[in-house]
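Peer 1: what would the 3D arrangement of this be:
(chains A, B, C and D)
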2 protein chains.
Amino acid sequence: MVQNEPRRRGRPRSFDEGQVLEKARGVFWNLGYAATSLDDLAAATGLNRPSLYAAFGDKHALYIRALKESRDAGLAGMRQVFGAELSLRDALKMLFAGAIAAYMKGDIGQRGCFIIGTAVTQSVEDAEARALVAGFVSEMDAIFLERFERAQNELAPGVAPAQAAAMGTATLHTLAIRARTGDDHPALKRVAAAAVDIICGPA
Amino acid sequence: MVQNEPRRRGRPRSFDEGQVLEKARGVFWNLGYAATSLDDLAAATGLNRPSLYAAFGDKHALYIRALKESRDAGLAGMRQVFGAELSLRDALKMLFAGAIAAYMKGDIGQRGCFIIGTAVTQSVEDAEARALVAGFVSEMDAIFLERFERAQNELAPGVAPAQAAAMGTATLHTLAIRARTGDDHPALKRVAAAAVDIICGPA
DNA sequence: TGATATTTGTACCGTTTCGCATATTATTGT
DNA sequence: ACAATAATATGCGAAACGGTACAAATATCA
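Peer 2: Predicted coordinates for the structure are as follows:
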């Protein structure tokens, strides 16, 4: 049910905010924050700079908003996979396969995870980006931990849930890096399979 | 023994190339490639732009050269630790402790790994940076693999060398990310300890 | 001492950057 | 129809950008 807002007063917008945000994110995703100019964003979205400003504030606010959307989508995807009735092994396989699929997409070429691939670089000087990445990572840890605690009997012998959670997050990190730097699909699948086998024990 | 080059013809340089490279790398490390300006580099090194240009070529060449130096140093460090006569568990502990120490250093604040923290972002548009990171990662894989094959009996039961190598590299990646985004020393040590226990079995 | 070679410092070029001021267009309310 | 409101389009301006030309400085070679 879409909220049918009583039409606003002046000239109506000629764009959809969500679509613009997605296109802007695509540019940031390819180039990183610093290398992206407002002209790049205007060209990609079809908006001119004043419209971008009016809708989102400045370049930095737009970037942070795109990051937040990616964070929410990523964490929601994790929670969905771990909420399904699957064996731990199958859940991990599905989670990593989904991550790989997302990391391999891209108009220009494969580009990994938007957050890991661009916001980590920003994190030394940009406190807002740093806090966002840190929160993203610790949420990932928490989601893995909760799932592993729920299925301790499916963990490889001698593997504690907290240890497995650290490796789960580490696997997503290395996949994000490897996808952005050119690893092909089979190579990424091998990494994911190694993680699954180490966490759950040999198949 | 320093090669005592027969004095070159013209006016002698007023700087040491290695020191300049190190200071330039420090700027790139904090800001990333795109956000670093030639003025930043000139200010940090004490050289003016024409001297930088004459000595290293353009900004990109200087960045790539700094990356290569970090890559060589990092891989050499790994080979050194794995060349020492240590148990696998102790070698891994030492390796991760050394990585954490390097990742926590920084004039401004902790900033992770120079290569992972800055060149991954560049990797979509910059083929040279991408190839360098990819080579760095696959060398890490190979070094881990060689060490694990050499000590299969020290691996946790059911863990294959190739799987352990993927997790070793993944651990360095997640440590690099977490250090750059603010994790404190104890948190990083917990991640490293989890990796060691999973690879070698519980202590 | 004078010619040659190399580095350094200043100053500049053309472009791109972000951000905004202003005018125009499109819609609603009366 | 006309005022009020909001979004769009044009284009400006000051600063920063990467990169270089050129002259001054400092060394060696003959």
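
Peer 1: check which helices and strands the lowest-mean-pLDDT helix or strand in chain A sits against.
Peer 2: Each helix and strand of chain A was given a mean pLDDT (mean pLDDT, DSSP states H and E); the minimum falls on helix A:49-56 at a mean of 92. Contacts defined by 3 or more CB pairs under 8 Å, 6 or more residues apart in numbering or on different chains; DSSP states H and E place helix A:49-56 against helix A:17-31, helix A:38-45, helix A:59-83. C-beta here means a position set from N, CA and C on the backbone, and glycine is covered the same way.

Peer 1: how about the first one and DNA strand D, any contact?
Peer 2: The one in question is helix A:17-31. No - on the criterion CB under 7 Å from any atom of the strand, helix A:17-31 is out of touch with DNA strand D, staying 9.2 Å away.

Peer 1: and that helix, what's buried?
Peer 2: Residues of helix A:17-31 classed as buried: A:Val20, A:Leu21, A:Lys23, A:Ala24, A:Arg25, A:Gly26, A:Val27, A:Phe28, A:Trp29, A:Asn30, A:Leu31 (neighbour count, 16 or more other CB atoms under 10 Å in any protein chain shown).

Peer 1: what's the burial count for A:Ala102?
Peer 2: 20 (other CB atoms under 10 Å in any protein chain shown).

Peer 1: measure it to chain B for me?
Peer 2: A:Ala102 sits 15 Å away from chain B, taking CB to the nearest CB, to the nearest Å as the criterion.

Peer 1: who in chain A is up against DNA strand D?
Peer 2: Within reach of DNA strand D by CB under 7 Å from any atom of the strand, chain A has these residues: A:8-15, A:47-51, A:54-55.

Peer 1: one step back: show residues contacting the least confident helix or strand of chain A.
Peer 2: A:13, A:15, A:17, A:20-21, A:24, A:38-39, A:41-42, A:45, A:47, A:62, A:65 (CB atoms under 8 Å, 6 or more residues apart in numbering or on different chains).

Peer 1: in chain A, which residue sits closest to DNA strand D?
Peer 2: When scored by CB to the nearest atom of the strand, chain A has A:Gly10 as its residue closest to DNA strand D, at 1.8 Å.

Peer 1: three-state assignment of that residue?
Peer 2: Following DSSP: H, G, I helix; E, B strand; the rest coil, we place A:Gly10 in the coil state.

Peer 1: from DNA strand C, how far off is it?
Peer 2: Separation of A:Gly10 from DNA strand C (CB to the nearest atom of the strand, to the nearest Å): 5 Å.

Peer 1: same check on A:Ala97?
Peer 2: Distance of A:Ala97 to DNA strand C, computed by CB to the nearest atom of the strand: 36 Å.

Peer 1: same deal with A:Ala119?
Peer 2: Distance, A:Ala119 to DNA strand C, by CB to the nearest atom of the strand: 17 Å.

Peer 1: low pLDDT regions in chain A?
Peer 2: Residue ranges of chain A with pLDDT under 70: A:1-7.

Peer 1: rewinding a little: from the contacts of helix A:49-56, list the buried ones, please.
Peer 2: A:Val20, A:Leu21, A:Ala24, A:Leu41, A:Ala42, A:Thr45, A:Leu47, A:Leu62, A:Arg65.

Peer 1: give me the neighbour count for the residue lying closest to A:Gly98 once chain neighbours are set aside.
Peer 2: Nearest non-adjacent residue to A:Gly98, counting by CB to CB, 6 or more residues apart in numbering or on different chains: A:Gly77, 6.3 Å away. With neighbours defined by other CB under 10 Å, the count for A:Gly77 comes to 14.

Peer 1: quick check: the closest residue to A:Leu62 other than its chain neighbours vs DNA strand C, distance?
Peer 2: Among residues not flanking A:Leu62 along the chain, A:Phe56 sits closest, at 4.2 Å (CB to CB, 6+ apart). Distance of A:Phe56 to DNA strand C, given as CB to the nearest atom of the strand: 10 Å.
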